[in-house]
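*Asks:* Return atomic coordinates for the entry below.
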Amino acid sequence: MVVRLATPEDARAIASIQVRAWQSAYHGIVPEAYLRSLSVADREAAWETILRESRSATYVAARGPETVGWISIGKSRDPDAAPGDGELWAIYVAPEQWGAGAGRALWQRGESHLQDFGFRDVTVWVFKDNRRARTFYESAGFATHPEQEKLLELGGAQLPEVRPRRPFGAGARPRGPDEGPRPSG
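*Replies:* As a prediction, this is how the structure comes out:
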């Protein structure tokens, strides 16, 4: 498996994985009508823009010619974030690849990227009822604190999310505001 920096040409594969993963992982969590309404074409257009503008650092995992997953990381977008807080914006693996190591490989690359840019902690927002993802994050050293919850409105439903956090350790120097994470090779 190869993990590499994503390019705008990866937008379709990223979008396809995102839609299929949402429809599989969030069945029973997110309203079914909302999941059925997800569009690869809409997500592809959004990802082309995201990747062109480098809003976050996004990496893809490939097995041979097939893209099997992706991760997007960067500076925390939370209003209460400290200067040294990074965020795992999203990580998705194609459902048929779950449990085959792509998620772990992507997280290792994302973790390395965040540490290389001096972040001291990393957070991620995850649906409270998404046990599969929460187990993955716990195995990667994330811990959830009960006071770090919010509601997300999707498809007319209020869905609880939790924000697990993982420290990288003392000694990391946060980058200045003009030095935020940039994609690296």
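
*Asks:* Please count neighbours and contacts with C-alpha atoms only from this point.
*Replies:* OK.

*Asks:* ok, which stretches of the protein are strands?
*Replies:* When secondary structure is read from DSSP state E, the chain shows strands at 2-5, 57-63, 66-75, 85-93, 121-123, 126-127, 149-154, 157-162, 165-167.

*Asks:* If we go by neighbour counts, what in the longest one is buried?
*Replies:* What that stands for is strand 66-75. In terms of neighbour count (16 or more other Cα atoms under 10 Å), strand 66-75 has its buried residues at 67, 68, 69, 70, 71, 72, 73, 74, 75.

*Asks:* For those residues, give me TSV that also has pLDDT.
*Replies:* Below are the buried residues of strand 66-75 laid out as TSV (pLDDT from 0 to 100):
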residue	pLDDT
67	98
68	98
69	98
70	98
71	98
72	98
73	97
74	95
75	95
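
*Asks:* Same list, those, but as JSON lines with distance to residue 101 please.
*Replies:* Shown next, in JSON lines, are these (distance: Cα to Cα, whole Å):
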{"residue": "67", "distance to residue 101": "13"}
{"residue": "68", "distance to residue 101": "10"}
{"residue": "69", "distance to residue 101": "10"}
{"residue": "70", "distance to residue 101": "12"}
{"residue": "71", "distance to residue 101": "13"}
{"residue": "72", "distance to residue 101": "17"}
{"residue": "73", "distance to residue 101": "19"}
{"residue": "74", "distance to residue 101": "22"}
{"residue": "75", "distance to residue 101": "25"}
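
*Asks:* re earlier: among the strands of the chain, which is the most enclosed?
*Replies:* With neighbours defined as mean count of other Cα atoms under 10 Å, the strands of the chain peak in mean count at strand 121-123, which reaches a mean of 26.

*Asks:* For it, which helices and strands make contact with it?
*Replies:* Packing contacts for strand 121-123, counted by 3 or more Cα pairs under 8 Å, 6 or more residues apart in numbering; DSSP states H and E, involve strand 85-93, strand 165-167.

*Asks:* among these, which is nearest residue 102?
*Replies:* strand 85-93 (6.8 Å; Cα to Cα).

*Asks:* returning to that earlier point: I'd like the strands of the chain as JSON lines, with distance to residue 112 appended.
*Replies:* Formatted as JSON lines, the strands of the chain follow (distance: least, Cα to Cα, whole Å):
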{"stretch": "strand 2-5", "distance to residue 112": "12"}
{"stretch": "strand 57-63", "distance to residue 112": "12"}
{"stretch": "strand 66-75", "distance to residue 112": "11"}
{"stretch": "strand 85-93", "distance to residue 112": "12"}
{"stretch": "strand 121-123", "distance to residue 112": "11"}
{"stretch": "strand 126-127", "distance to residue 112": "21"}
{"stretch": "strand 149-154", "distance to residue 112": "26"}
{"stretch": "strand 157-162", "distance to residue 112": "23"}
{"stretch": "strand 165-167", "distance to residue 112": "13"}
